[in-house]
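In: pasting the structure only:
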């Protein structure tokens with residue numbers, strides 16, 4: 001009888017330790033993606049404010065017709081689908097979105113002083129840990145083959161368009177990752193009052 005109580009107490013201790021570690025990892029990941037999202041908003045805002053009204057209007061029209069490379073990654077399309085997705089599904093989509101920015105983030109280096117590529121790599125590593133924590137023998141293999149933003153047309157008007165698209169897509173994707181990680185973290189923290 002005493003052994004049974006001891007085993008239950010020990011297993012509760014291990015489970016609560018795993019939950020605590022997972023919550024800590026989520027907190028770090030959410031903090032990092034929030035920082036990236038804020039940077040993306042700032043870069044996009046600065047870029048947009050440097051444009052004239054006609055350029056801004058024209059680029060907005062063009063961007064609404066174009067798609068981001070990451071639009072090919074299957075992900076929840078609205079808040080209801082996001083809330084129905086499992087923690088693991090949200091982590092995997094977030095991982096793919098972050099991974100899709102490995103090459104394009106090199107182009108962001110020309111537009112910013114921050115080490116975007118390094119921050120994305122740290123976030124990707126954290127997501128891998130969270131995925132392993134949330135799925136026993138899971139390791140994300142391969143990658144998502146997407147078009148690359150590095151092939152700029154040499155005409156100035158095309159460079160302006162590509163910079164606009166790059167910054168708008170980065171902002172959009174970091175917002176998605178922030179939302180998915182926040183929802184997933186809330187699922188693991190029953191005391192948190194989380195709404196979208």
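Out: Nice, thanks for sending it over. Small disclaimer: the values here were computed from a predicted structure and weren't measured.

In: Show me what secondary structure element comes after the lowest-mean-pLDDT helix or strand in the chain.
Out: Lowest by mean pLDDT, DSSP states H and E among the helices and strands of the chain is helix 2-49, with a mean of 70. Downstream of helix 2-49, the next assigned helix or strand under DSSP states H and E is helix 53-65.

In: Residues in contact with that next one: which ones?
Out: Helix 53-65 is contacted from outside by 48, 51, 160, 161, 164, 165, 168, using Cβ atoms under 8 Å, 6 or more residues apart in numbering. No exception for glycine: its C-beta is placed from N, CA and C like everyone else's.

In: hmm, 10 Å instead?
Out: Around helix 53-65, the neighbours that count as contacts under Cβ atoms under 10 Å, 6 or more residues apart in numbering are 47-52, 157, 160-161, 163-165, 168-169.

In: Between the residues you listed, which has the least confident prediction?
Out: Lowest in pLDDT among the contacts of helix 53-65 is residue 157, which has 49.

In: hmm, back to that, which one of the contacts of helix 53-65 is nearest to residue 85?
Out: residue 169 (21.7 Å; Cβ to Cβ).

In: pretty sure the closest one is in contact with residue 73, am I right?
Out: No - when contacts are counted by Cβ atoms under 10 Å, residue 169 is not listed as touching residue 73 (11.8 Å).

In: and those two? which has more neighbours close in?
Out: Each of residue 169 and residue 73 has its neighbours counted (other Cβ atoms under 10 Å); residue 169 has more, 23 against 18.

In: For the spatially closest residue to residue 73 that is not a sequence neighbour, the count of nearby residues, please.
Out: Once flanking residues are discounted, residue 73 sits nearest to residue 96: 4.9 Å by Cβ to Cβ, 6 or more residues apart in numbering. Per other Cβ under 10 Å, the neighbour tally for residue 96 reads 20.

In: same for the host helix or strand of residue 96, what does it pack against?
Out: Per DSSP H and E, residue 96 falls inside helix 87-99. Helices and strands touching helix 87-99, as assessed by 3 or more Cβ pairs under 10 Å, 6 or more residues apart in numbering; DSSP states H and E, comprise helix 2-49, helix 79-84, helix 116-134, helix 156-188.

In: Pull out the buried residues from the helix or strand just after that helix.
Out: Per DSSP H and E, helix 87-99 leads on to helix 104-109 as the next helix or strand towards the C-terminus. Buried residues in helix 104-109, defined by neighbour count with 16 or more other Cβ atoms under 10 Å: 104, 105, 107, 108.

In: who are the neighbours in contact with the second one?
Out: In this structure, residue 105 makes contact with 36, 98, 112, 115-121, 149, 166, 170, judged by Cβ under 10 Å, 6+ apart.

In: If we use 7 Å, what do you get?
Out: Listed by Cβ atoms under 7 Å, 6 or more residues apart in numbering, the contact partners of residue 105 are 116, 117, 120.

In: what's the burial count for the nearest residue to residue 35 once chain neighbours are set aside?
Out: Leaving aside its sequence neighbours, residue 35 sits nearest to residue 119 (Cβ to Cβ, 6+ apart; 7.1 Å). Residue 119 is flanked by 17 other residues according to other Cβ under 10 Å.
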